[in-house]
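Novice: Got a sequence here, can you model it:
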Amino acid sequence: MPTVPTPAFADPAAPSRPLHVVRQEEADIFRDGLAPEARGWVEAADWAAGAGETVLLPGAGGLPAAAAVGLGDAAARGRARFTVAKAATALPEGVWHLEGDLGPDEREEAALGWLLSQYRFDRYKPGKPARARLKAPTGVDAARIEAIAAGEALTRDLINTPAADMGPAELEAEVRALADTFGATVEVTTGDDLLAANLPMIHAVGRASPRAPRLIDLRWGDTGPRLTLVGKGVCFDTGGLDLKPAAGMLLMKKDMGGAATVLGLARSIMALGLPVRLRVLIPAVENAVSGNALRPGDILTSRKGLTVEVNNTDAEGRLVLADALALACEEGPDLLVSMATLTGAARVALGPDLAPYYCDDDTAVQALEAAAARVRDPVWRMPFWTPYEPLIEPGIADLDNAPSGGFAGSVTAALFLRRFAGDARYIHFDIYGHQPTAAPARPKGGAGQGGRAMLDALPALLAF
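Specialist: Numbering: from 1, shown residues only. Presented below is the predicted three-dimensional model:
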């Protein structure tokens, strides 16, 4: 089981050195205001306050007395995220505090980026611990930032753990550990009991694996609006009988990235004590190959009663999510959110860094996009394009899990899921869950997407 360190700010009473945060257009003013020795050092280093550019300022005995990090010019500030976090990996050991003319959102971004940059995945190989620590900047809610960073650390650890150590049972254990920490309850339906519980598509996808499929159901909170999060928990995806090529399986440990992201979001919600009745549903399966594997051409009857023709066993995520969404809707949630590493089409459309989402509620869209911009967790609205509905209707059954033709794959997957979300106020994320190259505050590997935006938007979405 992964051990997730709790990201935390330094003791506010600890001695610290200043880290000056400087916009590029103010670099000359900053440099001219330094003592001669420090000014000469900065000039020799050719420091110009470019985005993330960090320089140490010498003090007595040649030891660093302070440092400065650049925010870049206006274009760089609009483009880059977590620029100050670059200093977190460049500075020597010790405690630092921010100085500079920063607005509230800039201070919060710098604080969160610093904590996110402290993440290390060292379960299998010792890593170098973060050396530089930061005091919470003035005016920043330190407990909130720490809760958000801890949720992201959990998400990253779950995604980064190889499938051999993060199958359905291990994912269940993680949910139970999280529930124990925050006083939540967990119910799990496993194996053939899924059929008795009328969760047939979760069973059909996972039955070929010796690691039994299951539906994990976490609940927390007894007052407030009902918020239900559904996360795709395909712990490894071979593609089933429609087997993926070897290259296509290399990152399939991350196919439970939707489950990991909703669990990170749930952790933050519970740590912050938000006034909601939270439910988290995770269909946890391994899409494997064996004699009883789901076959192309099979027709499944879903929990909702809709029949589904399986035209590709590698389009399994929408099958397990469909039963979970149908179950969620029976309780009438005030907001229903699904997160899934669902389609390659979403990555072709928007790349790995921008999370597409689907929502028919314009008020919810406004709240979510304002939050996403505020917390630097970018999302992009995609259309539930109703004219494409015939593409998911094969004729022999109510629905087709993999329409032929190859067009609009993310849209047709979202339309498929909407059939099971009923009348709920519904938001669906088709995320990537992986950072392909290291960036400030975002090491290469597992990554949450959309979770911080959702957390920040919840007060507006649920009116609390």
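Novice: Tell me, how many residues neighbour the closest residue to residue 298 other than its chain neighbours?
Specialist: Spatial nearest neighbour of residue 298, excluding adjacent residues (Cβ to Cβ, 6 or more residues apart in numbering): residue 310 at 4.7 Å. Every C-beta, even on glycine, is put in place using the N, C-alpha and C of the backbone. Other residues within reach of residue 310, judged by other Cβ atoms under 10 Å, total 25.
Novice: which residues touch residue 310?
Specialist: When contacts are counted by Cβ atoms under 8 Å, 6 or more residues apart in numbering, residue 310 touches 294-300, 319, 401-402.
Novice: Okay, it and residue 319: tell me how far apart.
Specialist: Separation of residue 310 from residue 319 (Cβ to Cβ, to the nearest Å): 8 Å.
Novice: now swap in residue 8 and tell me
Specialist: Distance from residue 8 to residue 319, by Cβ to Cβ: 41 Å.
Novice: So between those two, which is more surrounded?
Specialist: When neighbours are counted by other Cβ under 10 Å, residue 319 comes out ahead of the other of residue 8 and residue 319, with 27 against 17.
Novice: Residue 163 reaches residue 253, doesn't it?
Specialist: Yes. Shown here, residue 163 and residue 253 form a contact pair, counting by Cβ atoms under 8 Å, at 4.6 Å.
Novice: okay, those two: which has more neighbours?
Specialist: Higher neighbour count among residue 163 and residue 253: residue 253, with 22 against 19, using other Cβ under 10 Å.
Novice: how's the chain carved up into domains?
Specialist: The record assigns the chain these domain ranges, following automatic domain parsing: 17-129, 146-462.
Novice: most neighbours per residue, which of these?
Specialist: Neighbour counts (mean count of other Cβ atoms under 10 Å) averaged over each of the domains of the chain peak at domain 146-462, with a mean of 21.
Novice: So what would you say the end-to-end distance of it is?
Specialist: Terminal residues of domain 146-462 are spaced 23 Å apart (Cα to Cα, to the nearest Å).
Novice: picking that back up, of the domains of the chain, which approaches residue 136 most closely?
Specialist: domain 17-129 (6.0 Å; Cβ to Cβ).
Novice: Can you get me the start-to-end distance on that closest one?
Specialist: End-to-end span of domain 17-129 (Cα to Cα): 20 Å.
Novice: and if you look at stretch 89-98?
Specialist: Stretch 89-98 has an end-to-end distance of 15 Å (criterion: Cα to Cα).
Novice: try stretch 341-361
Specialist: The straight-line separation of the ends of stretch 341-361 (Cα to Cα) is 22 Å.
Novice: Return the distance of that stretch from the chain's centre.
Specialist: With Cα atoms, centre = their mean, to the nearest Å as the basis, stretch 341-361 stands 13 Å off its chain's centre.
Novice: How about stretch 75-85?
Specialist: Computed by Cα atoms, centre = their mean, the chain-centroid distance of stretch 75-85 equals 20 Å.
Novice: Where does pLDDT dip in this structure?
Specialist: Counting by pLDDT under 70, the chain has low-confidence residues at 1-5.
Novice: repeat that with 90
Specialist: Applying pLDDT under 90 to the chain picks out residues 1-7, 36-37, 59-64, 126-131, 395, 404-406.
Novice: Can you tell me how far the closest residue to residue 129 other than its chain neighbours is from residue 89?
Specialist: Nearest non-adjacent residue to residue 129, counting by Cβ to Cβ, 6+ apart: residue 120, 6.8 Å away. Distance, residue 120 to residue 89, by Cβ to Cβ: 11 Å.
Novice: what touches both of those two?
Specialist: residue 130.
Novice: can you give me the helices for the stretch 201-350 of the chain?
Specialist: 246-249, 257-272, 317-329, 344-350 (DSSP state H, counting those that start in this stretch).
Novice: Show me the one of those that comes nearest residue 39.
Specialist: helix 257-272 (43.3 Å).
Novice: List the residues that contact the most centrally placed residue in the chain.
Specialist: For the chain, residue 448 is the residue whose C-alpha lies nearest the centre (Cα atoms, centre = their mean; 1.8 Å). For residue 448, the contacting residues are 151-152, 155-156, 260-261, 264-265, 433, by Cβ under 8 Å, 6+ apart.
Novice: Could you single out the nearest of these to residue 219?
Specialist: Nearest to residue 219, judged by Cβ to Cβ, of the contacts of residue 448 is residue 265 at 15.0 Å.
Novice: Report the contact partners of that closest one.
Specialist: Taking Cβ under 8 Å, 6+ apart, we find residue 265 in contact with 151, 229, 448, 451, 454-455.
Novice: Repeat that for residue 128.
Specialist: By Cβ under 8 Å, 6+ apart, the residues touching residue 128 are residue 120.
Novice: mind checking how far it is from residue 122?
Specialist: 9 Å.
Novice: same question, residue 293
Specialist: Distance from residue 293 to residue 122, by Cβ to Cβ: 36 Å.
Novice: show me what contacts residue 43?
Specialist: Per Cβ under 8 Å, 6+ apart, neighbours of residue 43: residue 31.
Novice: returning to what we had before: how much space separates the residue nearest to residue 298 from residue 107?
Specialist: Counting by Cβ to Cβ - residue 310 and residue 107 are separated by 51 Å.
Novice: Pretty sure residue 452 sits against residue 377.
Specialist: Yes. If you go by Cβ under 8 Å, residue 452 and residue 377 touch, sitting 4.0 Å apart.
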